[in-house]
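J.: this one's sequence-less:
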């Protein structure tokens, strides 16, 4: 792509977070070096360089807001970033950049490999990336849920084991601050492969004695506190007596007889695999006797109902959470704090949600057109990526040649008395070349990582929206909750009316669906008209299209 000099006023924005999402992105120093070099080569006028070490998944980055204010004051009208992904990973900030571009406040958003301007191609790519960032976050949450479910199936506790047990890492070593050489040596005497959770050889016998003493009915919880303190059982941090609540928590935890309780579900030891389940400290009979002493044995166990929209909506009056309840066979949602406000029946709520789901549902025609455009863009992406990779490999080879020549010069017979190259010069030039190699390798790793992500995210987003209305209507409560979170962002409810408090990243789909209805009638459903309508809104041209259209940071 040929880039010509212009008279725009650029603000350089560099961002690096300490979180995993930025692990493959160049450091702030490397970003600055690359961007300033690019600006000098292309005659770009830089009026300010802004650096920020802050995650972009949530709005409110102070330096980002400084940049926006600079643009609104007309002191800058273009942005230069290392990747588009540096600008935003949340809906509000990403939507702000798109709107400023459409309103003319920003003339250009540029990276070393791409240019975004006010045209349908740029707006489509930015909007698509913006929408994908939320789906990517949801997918990460889903991965965590699947990982937890996988651990439960294997009989492993998804979090830290309670007092009396030790967490074991993949190398068979006691994890974290629980480690002591005495305990590790005691576990070695088991002469078997250690499980992910093992009994603490020092504390497990004391936990057993606590159950046995309380089961006799001869002591109270306070009395057991005193006894445990004499044994040396204290708070892990405070080193004082265990609280009454802690003692109660130990005596009522089914984990000690081999069961696992997670999210209201109790998994019996017999349901867990023998090879991976943890060893019980107490028997089921002893545990039941303790529950009788606590008065819990015959207490009826309540069953919890799953409410798909509970604690996702805020009250428009006080800002409190909207919770749910069941009455006369119907589910209702109401504010936890406000009194006197009308309850909303779940069926009424879903009628409003269904209308919003319908607006962003992609039919087969839209799906086919979108996949065609994404495939074209991917072909261009691969061509650009290979060209950049080839350039970086040449630079890497040149650096290696310089290193080899530097070494030959140093050990050359002609350099006997350091006449050609002394030690200080050799070390300085070698360090400089190695740093350059490090930056090149970092860029290549970053390029590979970024190009693997964007295509999969694009396809995932389009596929998720395909026939979304049917998925919502026929889905179980968990699927409905997932779709609701995908569509609504900090939703409010006022007088039984549900609303989004932020602009939707799916508006390019909504606009297409509305425009198509006015352009394409049921009497004349010609594919060519559909394609024209689609292309006029979101066709992807090479102009404004770069080699790295990743989700907005």
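T.: Perfect, thanks for sending it. Quick caveat: nothing in here was measured; it's all calculated off a predicted structure.
J.: what are the boundaries of the strands in the stretch 301-450 of the chain?
T.: 314-315, 322-327, 330-335, 344-345 (DSSP state E, counting those that start in this stretch).
J.: residues making contact with the second one?
T.: Right, strand 322-327. By C-beta atoms under 8 Å, 6 or more residues apart in numbering, the list of residues contacting strand 322-327 from outside reads 305, 307, 309-315, 331-336, 346, 493. For glycine as for every other residue, the C-beta is placed from the backbone atoms N, C-alpha and C.
J.: ok, stretch 182-200 next?
T.: Residues contacting stretch 182-200 (C-beta under 8 Å, 6+ apart): 156-157, 161, 163-168, 172-174, 178, 201-202, 276-279, 281.
J.: tell me which residues of that stretch are tucked away?
T.: For stretch 182-200, a neighbour-count test (16 or more other C-beta atoms under 10 Å) marks 183-184, 187, 194-200 as buried.
J.: what of stretch 388-398?
T.: In stretch 388-398, counting by 16+ other C-beta under 10 Å, buried: 388, 392, 395-396.
J.: how deep is residue 244 tucked in, by neighbour count?
T.: 13 (other C-beta atoms under 10 Å).
J.: look up how far residue 257 lies from it.
T.: Per C-beta to C-beta, to the nearest Å, residue 244 is found 22 Å from residue 257.
J.: over to residue 455?
T.: Distance of residue 455 to residue 257, computed by C-beta to C-beta: 50 Å.
J.: and those two? Which one has more around it.
T.: The neighbour count for residue 455 versus residue 257, taken as other C-beta under 10 Å, is higher for residue 257 (19 against 16).
J.: just give the nearest non-adjacent residue to the more buried one, would you?
T.: residue 287 (4.4 Å; C-beta to C-beta, 6 or more residues apart in numbering).
J.: contacts only, for the one you found.
T.: By C-beta under 8 Å, 6+ apart, residue 287 lies in contact with 211, 254, 256-257.
J.: who wins for neighbours among these?
T.: Scoring these on neighbours with other C-beta under 10 Å, the highest-scoring entry is residue 256 at 28 neighbours.
J.: packing partners of the helix or strand where residue 464 lies?
T.: For residue 464, the host element (DSSP states H and E) is helix 423-465. Other helices and strands packing on helix 423-465, by 3 or more C-beta pairs under 8 Å, 6 or more residues apart in numbering; DSSP states H and E, are helix 28-41, helix 120-153, helix 364-411.
J.: between whichever helix or strand comes after the shortest one and helix 28-41, how big is the angle?
T.: In the C-terminal direction, the helix or strand that comes right after helix 28-41 (DSSP H and E) is strand 45-52. When axes from the mean of the first three to the mean of the last three C-alpha atoms, to 10 degrees is applied, the directions of strand 45-52 and helix 28-41 differ by 170 degrees.
J.: and strand 45-52, which strands flank it?
T.: According to DSSP bridges, strand 45-52 has the following sheet partners: strand 9-15 (parallel).
J.: now tell me what touches the strand it pairs with from outside.
T.: Contacts for strand 9-15 (C-beta under 8 Å, 6+ apart): 28, 31-32, 35-36, 39, 44-54, 56, 61, 63-64, 67, 70-71, 75-82, 86-87, 110, 553.
J.: go again using 6 Å as the cut-off
T.: 28, 31-32, 35, 44-52, 67, 70, 76-81, 86 (C-beta atoms under 6 Å, 6 or more residues apart in numbering).
J.: and that strand, what's buried?
T.: Buried residues in strand 9-15, counted by 16+ other C-beta under 10 Å: 9-15.
J.: and which of the residues you listed is nearest residue 438?
T.: Taking C-beta to C-beta as the measure, residue 438 lies nearest residue 14 of the buried residues of strand 9-15, at 18.1 Å.
J.: any idea how far the closest one lies from residue 37?
T.: In this view, residue 14 and residue 37 are 13 Å apart by C-beta to C-beta.
J.: quick one on the thing from earlier: measure how the helix holding residue 464 sits relative to helix 364-411, angle-wise.
T.: 170 degrees.
J.: which elements pack onto the helix or strand just after helix 423-465?
T.: Downstream of helix 423-465, the first helix or strand assigned by DSSP H and E is helix 468-474. Contacts defined by 3 or more C-beta pairs under 6 Å, 6 or more residues apart in numbering; DSSP states H and E place helix 468-474 against helix 346-359.
J.: swap in 10 Å and give it another go.
T.: Contacts defined by 3 or more C-beta pairs under 10 Å, 6 or more residues apart in numbering; DSSP states H and E place helix 468-474 against helix 346-359, helix 477-487.
J.: mind putting those helices into TSV with mean neighbour count?
T.: What follows is the helices and strands packed on helix 468-474, written out as TSV (neighbours: other C-beta atoms under 10 Å):
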stretch	mean neighbour count
helix 346-359	16
helix 477-487	18
